[in-house]
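Enquirer: for reference, the sequence and a predicted model appear below.
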Amino acid sequence: MSSIDTTLSPLFAKIDELKPQFIQRLTDAVAIPSVSSDETLRPKVFAMADFLKEELAKLGADDITIKDLGIQPPPVSDPELPLPPIVLSKFGSDPNKKTVLIYGHYDVQPALLEDGWASDPFTLVEKDGKLIGRGSTDDKGPVMGWLNSLQAHKELGLELPVNIVFCFEGMEESGSIGLDTLIAQEAKKYFKEVESVCISDNYWLGTKKPVLTYGLRGCNYYQISIKGPGADLHSGIFGGVIHEPMTDLVNVMSKLVDINGNILIPGVNEMVAPVTEKEASLYKDIEFDVDELNLAAGSNTAIYQSKKDILMHRWRFPSLSLHGIEGAFSGAGAKTVIPAKVVGKFSIRTVPDMDSKKLDELVINFCNEKFKELKSPNQFTTELIHDGAYWVSDPFNNEFTAAKLATEKVWGVEPDLTREGGSIPITLTFEKELGANVLLLPMGKGDDGAHSINEKLNTPNYIEGTKTLSAYLHYFGATK
Ligand SMILES: NCC(=O)N[C@@H](Cc1c[nH]cn1)C(=O)O
Ligand SMILES: [Zn+2]
Ligand SMILES: [Zn+2]
């Protein structure tokens, strides 16, 4: 038995023993509806930061620093809306050990019972081996996983194999506003010793095999606002005699993307890096098929049927999704209203070599042009709400080697190397500002339903995931 194996055996046994406490920790975290995109819930995002602060203190942190980010910039309804703080913390400062920065986010996507959840989204329910609740997999489960690991070390009296610097943010689901600046400011201060970054905030590709992730798409999120009459109107009185904002909006939004997912804005696809032969050959060895996609989607509505096409369109081509319309009638029944002001939301997932600023220009000019063609007298604006860069790295370094060993140790299988269709806006900033390698080490499965109804994290993924994160620290700490 190697010395790491000798250490990991009791550590894993401790993690198994503490399982009820770990589930309670996640239950407490999920109970705080820290939805960053809902201005009315901003106090709950702050409450979640307090919760983390208390947990870190109980675990014996050497330092906890709460960084205030000031007021959220427009577009926002409340001009005084405070940004949630960045929670920084340190465990250990041994100059003979590596220092790993662990990033996670404590905000979540919105969730309402009436969206179709089988149970209250903010009450964690354990059913059929699944921990169901908003944030269970994205990203409260993995964040609690790191805290669980610290607790297991502490209770065993086991020394941490690396120094840890935590960086937890509360705006990831809303563009990570303020975090880029903070990282740049702290690169030579709080983050001075950091030589490696680990993020657990994505998912296995499918449901059977763990993965290590070396790429993410970026995300530019836009809104189109159209304002017409002074108030919502009766469609029997005004229908057919005024220009309706909603009709204009639906018209413009329908020009952005076709039903096969092709982006129709000229110049966007032209920015995408060509597929090389080497890259085209990578897809064949990855375990995934269309059935897994259908299962995760809960429908047979895939545009592509081959593994390679699906993965390429998820990982290395851009996509444009239409998300919603603020101000539109969306209740049950048949209200005969003409909404006075509507705001359409859509985003573009970006990939190498797209230029974010050029993309904004192309999108805004295209929307203006399409609206002009309507010859409507309504007021029209298109603006960027937030953006986050794509990221692709080389998965052959000490971090990925250690993560492979950790995964094999816990799951008994070699992980696939994958990219991810989603975004973690801050990843590239960590890499650039800290000059550090970044590893994405996911905990949950591809069918967890992040951002969807009935989001879940399988209980074994939570517990074995806590072991994987712990083992990673030990294997990485032992690299020369
Ligand atoms: N788990 C990562 C994640 O869900 N990231 C979000 C980030 C985002 C970007 N704009 C809004 N949210 C994602 O949607 O990929
Ligand atoms: Zn998310
Ligand atoms: Zn996330």
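Expert: Sure thing, it's come through. Residues are numbered from 1 along each chain as shown. Ligands and ions are numbered 1, 2, ... in the order given.
Enquirer: residues contacting residue 198?
Expert: 100, 101, 102, 103, 399, 438, 439, 441, 469, 472 (C-beta atoms under 8 Å, 6 or more residues apart in numbering). For the C-beta atoms, the positions are set from N, CA and C on the backbone; glycine is no exception.
Enquirer: which stretch of helix or strand covers the first one?
Expert: It refers to residue 100. Residue 100 belongs to strand 99-105 when assigned by DSSP states H and E.
Enquirer: mind listing what the helix or strand following that strand pairs with, with the direction of each?
Expert: Later in the chain than strand 99-105, the nearest helix or strand by DSSP H and E is strand 125-127. Applying DSSP bridges, strand 125-127 is found paired with strand 130-132 (antiparallel).
Enquirer: mean confidence score for the strand it pairs with?
Expert: The average pLDDT within strand 130-132 is 98.
Enquirer: give me the angle between the helix or strand following it and strand 99-105.
Expert: Once the chain leaves strand 130-132, the next helix or strand it forms, by DSSP H and E, is helix 140-156. Orientation of helix 140-156 against strand 99-105 (axes from the mean of the first three to the mean of the last three C-alpha atoms, to 10 degrees) gives an angle of 140 degrees.
Enquirer: can I see the domain layout of the protein?
Expert: Domain assignment for the chain by automatic domain parsing gives 3-216+390-477, 219-273+316-388.
Enquirer: the longest one and ligand 3 in contact?
Expert: It refers to domain 3-216+390-477. Yes: using C-beta under 5 Å from the ion, we find that domain 3-216+390-477 touches ligand 3 at 138, 139, 201.
Enquirer: how is the last one assigned, secondary-structure-wise?
Expert: Spelled out, it's residue 201. coil (DSSP: H, G, I helix; E, B strand; the rest coil).
Enquirer: can you give me the strands in the stretch 301-450 of the chain?
Expert: Taking DSSP state E, counting those that start in this stretch as the test, the strands found in the stretch 301-450 of the chain are 319-326, 337-338, 341-350, 379-388, 391-392, 416-420, 437-440.
Enquirer: could you dump those strands to JSON lines with distance to residue 169?
Expert: Formatted as JSON lines, these follow (distance: least, C-beta to C-beta, whole Å):
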{"stretch": "strand 319-326", "distance to residue 169": "22"}
{"stretch": "strand 337-338", "distance to residue 169": "38"}
{"stretch": "strand 341-350", "distance to residue 169": "19"}
{"stretch": "strand 379-388", "distance to residue 169": "12"}
{"stretch": "strand 391-392", "distance to residue 169": "16"}
{"stretch": "strand 416-420", "distance to residue 169": "18"}
{"stretch": "strand 437-440", "distance to residue 169": "15"}
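Enquirer: pick out the residue of the stretch 201-350 of the chain closest to ligand 1.
Expert: residue 219 (4.0 Å; C-beta to the nearest ligand atom).
Enquirer: ok, the stretch 251-400 of the chain next?
Expert: residue 388 (5.5 Å).
Enquirer: show the pLDDT at that residue.
Expert: 94.
Enquirer: what's the offset of stretch 348-360 from the middle of its chain?
Expert: In terms of C-alpha atoms, centre = their mean, to the nearest Å, the centre of stretch 348-360 is found 18 Å from the chain centre.
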